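Peer 1: What shape does this take:
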Amino acid sequence: MSRTTLYALMALHVVCSSGGYIFGKAAAVGFEDPAVLTLARALGAALIFLLGTGTLVPRPRFTPREWLQLLGFAFLLVPCNQYCFLRGLQHTVPSHPALFYALTPLGVLALDSLLSARRPPGVKLAGVVLALAGVVVILRPWERGETFSQIRTGDYWIMGAVASWIIYTVVVQPICRRHDPRTVTAWSLIIGAALMLPVAGKDLAALPMAMIPVDVWLSLAWLTIVTSVVMMLLWNLLLRNLTPVEVAICTNAQPPTTVLLAAAMTAVGFLDRQPDLGSLFFAGMLMVMGGVLLVQLRP
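Peer 2: Alright, predicted model coming up:
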């Protein structure tokens, strides 16, 4: 696959992810229980992949050991990543998750260095320090008040989602190079949905479907079809052709794209006006982005 095609796929991933933060916020607010929303999203994606198995998705040919690995990937993707992401979105604003996910290259580098027992160069360590300082500025632990406390709580959940996403990105690459990424993606999400059933299956069955607004259902459809299916396929396809750090670079464009999209969606009335986070948010964003760029500099 050519570099031009790979970069085009990365750009498509950025656009889809920005929409995911916006529509994810609407869905998270519309569903009171994030576990129920997580299960509904996972079941929808699992159904799509099961219907496509044998046609759009090759049939699985994993060894018993690889099935155990898939169980771990499924746990990282659904009960960890998707649940923490949706719970965090209930409290924070869409621009914050986009910014924290931009830390993915930094986390991938740190985890990869730890696993390979290699110390990163000084400039990359400086980037880590700068990015983490930016996170502190965004979290603003010194601020008091209900609005900031609520946003900060959501941000902590989002950071948990980012941590599980970083681990997944590093550990899933080897199996994506041995097997078709579509099959790895499909069965990770199918098993992940099964893991969520004992947690939220009863509550989902008792959910008053008619009480949920149409725009919330449309947001859930975006999360299911675009975020869980299309974006996951793109991510694992990129991991088959590039290194984890190279793939993670596409998260760099998500913060400004999401801020612009959120402003547009607020202007047309789809989103409620988000709290004005002021100059400190943008200062922290610049610090995070600067640190991430330093981490990605080649020696």
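Peer 1: Can you point out the buried residues in stretch 174-185?
Peer 2: Under the neighbour-count criterion of 16 or more other Cβ atoms under 10 Å, stretch 174-185 has Ile175, Cys176, His179, Asp180, Pro181, Arg182, Thr183, Val184, Thr185 buried. (C-beta placed from N, C-alpha, C; glycine too.)
Peer 1: what sits up against it?
Peer 2: The contact list for stretch 174-185, computed with Cβ atoms under 8 Å, 6 or more residues apart in numbering, reads 49, 56-62, 66, 69-70, 73, 172, 232-233, 235-237, 239-240.
Peer 1: can you do 10 Å?
Peer 2: Identification of contacts with stretch 174-185 by Cβ atoms under 10 Å, 6 or more residues apart in numbering yields 45, 49, 52-53, 56-63, 66, 69-70, 73, 77, 172-173, 186-188, 228-229, 231-241.
Peer 1: Whichever of these end up buried, select them in ChimeraX.
Peer 2: Restricted to buried positions by 16+ other Cβ under 10 Å, the ChimeraX selection for those reads:
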select :45,49,53,57,60,62,66,69,70,73,77,172,173,186,187,188,228,229,231,232,233,234,235,236,237,238,239,240,241
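Peer 1: Which of the contacts of stretch 174-185 fall in helices?
Peer 2: 45, 49, 52, 66, 69-70, 73, 173, 186-188, 232-241 (DSSP state H).
Peer 1: State the helix or strand in which Gly160 lies.
Peer 2: For Gly160, the host element (DSSP states H and E) is helix 146-171.
Peer 1: Show me what that helix is packed against.
Peer 2: Applying 3 or more Cβ pairs under 10 Å, 6 or more residues apart in numbering; DSSP states H and E, we find helix 146-171 packed against helix 3-30, helix 64-75, helix 83-89, helix 95-101, helix 104-116, helix 122-139, helix 232-241, helix 244-248.
Peer 1: want to try TSV for those, with mean pLDDT as columns?
Peer 2: Formatted as TSV, the helices and strands packed on helix 146-171 follow (pLDDT from 0 to 100):
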stretch	mean pLDDT
helix 3-30	84
helix 64-75	95
helix 83-89	94
helix 95-101	79
helix 104-116	76
helix 122-139	73
helix 232-241	81
helix 244-248	68
